[in-house]
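Visitor: all I have is the shape, not the residue letters:
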């Protein structure tokens, strides 16, 4: 009898927590930009009144996301070679082309949208020149909104596809991953918009109620995406679903992840329904935002980091210990701190004088 002993060398995970940060923030930026784009083309009603909060979320996360991406690439040369050696069959290479288009549309649209508000409500002294003149720029603003929407859809497609395309990771290899990343990003965006309306840009009670309903709809859609993946996987025995059932059957850690996912989803759904029943509940709906954002972030952590602990070949799970330095906990806290810093600066520009003067105190929320 011959015995073949296989020795597996120790190696670092391919995707570090910086990738989780990038996928989280760019997903929020893309879905918030879609909300702002809908408001531009409707130009009236509650979708248009969502724009201050939606653009606050989109611009702040859109600025932070590329920083996390550059940190994940480690070497400046990798970023440079995306443009000197374009490979159309690679989703990462296509993403390097889509991301600048999206950022151009987002920041360009925001600049023209803000100019219109400055003209209507008055501009700060340092930005008065930007609001000068009679040129409305409506045609250019709508063109940039279209670029922003197309770029946002491209972001959602490419970020999901570059993970889904990896056949060596069975849990990743399903088209449902693209949809579920988008759905959870929209859930986080709706929660962030609700928080911004309640605590930052001063949305009306009726608008907060509308956003809470939007958040409730995002929870239903997210649950539908998870259910669709499970039902189709069970019917067609997809490799992703089969691998997931194996993991929850063999490992307690994955059973805990599954139970927490279901439990948090149900808790958010029940809480959103309960808060919609009363004006006071709507007024305090922003309390759901931290938990919803944590759920969206945790889904990306499970997809990108936990899946890497599953061996491609072999038994058991590879141990992963979160580093305390810039490639681990410090990097996670640092990028969230940067987002908070940007969120503190932007409201002074986005929330124009008219909006600030018309803001309603949260204690005065009435029926919407």
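Guide: Structure received. None of the values given here were measured: they were computed from a predicted structure.

Visitor: so residue 27 makes contact with residue 180?
Guide: No. Counting by Cβ atoms under 8 Å, residue 27 stays clear of residue 180, with 10.9 Å between them. No exception for glycine: its C-beta is placed from N, CA and C like everyone else's.

Visitor: distance of residue 331 from residue 303?
Guide: Remark: distance between residue 331 and residue 303 (Cβ to Cβ, to the nearest Å) = 18 Å.

Visitor: oh, that last question was meant for residue 87, not what I typed.
Guide: In terms of Cβ to Cβ, residue 87 sits 24 Å off from residue 303.

Visitor: and the host helix or strand of residue 331, what other elements does it pack with?
Guide: Mapping residue 331 onto the secondary structure by DSSP states H and E places it in helix 329-345. In terms of contacts (3 or more Cβ pairs under 8 Å, 6 or more residues apart in numbering; DSSP states H and E), helix 329-345 is packed against helix 17-42, helix 51-73.

Visitor: residues making contact with the following helix or strand past the longest one?
Guide: What it means is helix 17-42. Downstream of helix 17-42, the next assigned helix or strand under DSSP H and E is helix 46-49. For helix 46-49, the external contacting residues (Cβ atoms under 8 Å, 6 or more residues apart in numbering) are 35, 38-40, 42, 203-204, 206-207, 210.

Visitor: same question, stretch 332-343
Guide: 17-18, 20-21, 25, 56, 59-61, 63-64, 67-68, 71, 200, 326.

Visitor: farthest-separated two in those?
Guide: Across the contacts of stretch 332-343, the longest distance by Cβ to Cβ is 29.3 Å; it joins 200 and 326.

Visitor: ok, these two, which is more surrounded?
Guide: residue 200 (20 against 14; other Cβ atoms under 10 Å).

Visitor: so what's that one closest to, chain neighbours aside?
Guide: Distance criterion Cβ to Cβ, 6 or more residues apart in numbering; nearest residue to residue 200, sequence neighbours excluded, is residue 347 at 5.2 Å.

Visitor: what's the pLDDT at the one you found?
Guide: On pLDDT, residue 347 comes in at 78.

Visitor: mind starting the numbering at 28 from now?
Guide: Sure, I'll start numbering at 28, so the last one becomes residue 374.

Visitor: count the residues that sit near it.
Guide: Neighbour tally, residue 374, other Cβ under 10 Å: 19.

Visitor: got any ranges where the stretch 228-377 of the chain has weak pLDDT?
Guide: Along the stretch 228-377 of the chain, the model assigns pLDDT under 70 to residues 341, 375-377.

Visitor: ugh, typo on my part, it should be the stretch 78-227 of the chain
Guide: Ranges of the stretch 78-227 of the chain meeting pLDDT under 70: 102-104, 150, 152-153.

Visitor: hmm, try it at 50
Guide: In the predicted model, the stretch 78-227 of the chain carries no residue with pLDDT under 50.

Visitor: in the helix or strand harbouring residue 206, what's buried?
Guide: Under the criterion of DSSP H and E, residue 206 resides in helix 203-226. Using 16 or more other Cβ atoms under 10 Å as the test for burial, helix 203-226 gives 203-225.

Visitor: now swap in stretch 280-287 and tell me
Guide: For stretch 280-287, by 16+ other Cβ under 10 Å, it's 281, 284.

Visitor: what's the offset of it from the middle of its chain?
Guide: Taking Cα atoms, centre = their mean, to the nearest Å, one finds stretch 280-287 lying 22 Å from the centre of the chain it belongs to.

Visitor: what comes into contact with it?
Guide: With Cβ under 8 Å, 6+ apart as the test, stretch 280-287 has contacts from 271, 274-275, 325, 329, 333, 344.

Visitor: check these and tell me the two furthest apart.
Guide: So, these by Cβ to Cβ: farthest apart are 325 and 344, at 17.8 Å.

Visitor: higher neighbour count, the two?
Guide: The residue with more neighbours, out of residue 325 and residue 344, is residue 325; 18 against 15, by other Cβ under 10 Å.

Visitor: mind listing what the more buried one touches?
Guide: residue 287.

Visitor: going by secondary structure, it is in what exactly?
Guide: helix 315-331.

Visitor: out of residue 114 and residue 330, which sits in the more crowded spot?
Guide: Neighbours per residue, other Cβ under 10 Å: of residue 114 and residue 330, the larger number sits with residue 330, 22 against 12.

Visitor: pretty sure that one sits against residue 196.
Guide: No. The pair formed by residue 330 and residue 196 falls short of the contact definition of Cβ under 8 Å, at 9.6 Å.

Visitor: okay, strands next: where are they in the stretch 178-327 of the chain?
Guide: For the stretch 178-327 of the chain, no strands are identified by DSSP state E, counting those that start in this stretch.

Visitor: where do the helices sit along it?
Guide: Listed in chain order, the helices found in the stretch 178-327 of the chain under DSSP state H, counting those that start in this stretch are 203-226, 232-263, 266-277, 279-302, 306-310, 315-331.

Visitor: of all these, which one is nearest residue 30?
Guide: So among those, helix 266-277 is nearest, using Cβ to Cβ, at 25.3 Å.

Visitor: circling back to that earlier point, would you write a ChimeraX line that selects the buried entries of the contacts of helix 73-76?
Guide: Only the buried entries of the contacts of helix 73-76 go into this ChimeraX selection, using 16+ other Cβ under 10 Å:
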select :62,65,66,67,230,231,234,237
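
Visitor: for the contacts of helix 73-76, give me TSV that also has distance to residue 348.
Guide: What follows is the contacts of helix 73-76, written out as TSV (distance: Cβ to Cβ, whole Å):
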residue	distance to residue 348
62	38
65	43
66	44
67	46
69	49
230	42
231	48
233	49
234	45
237	44
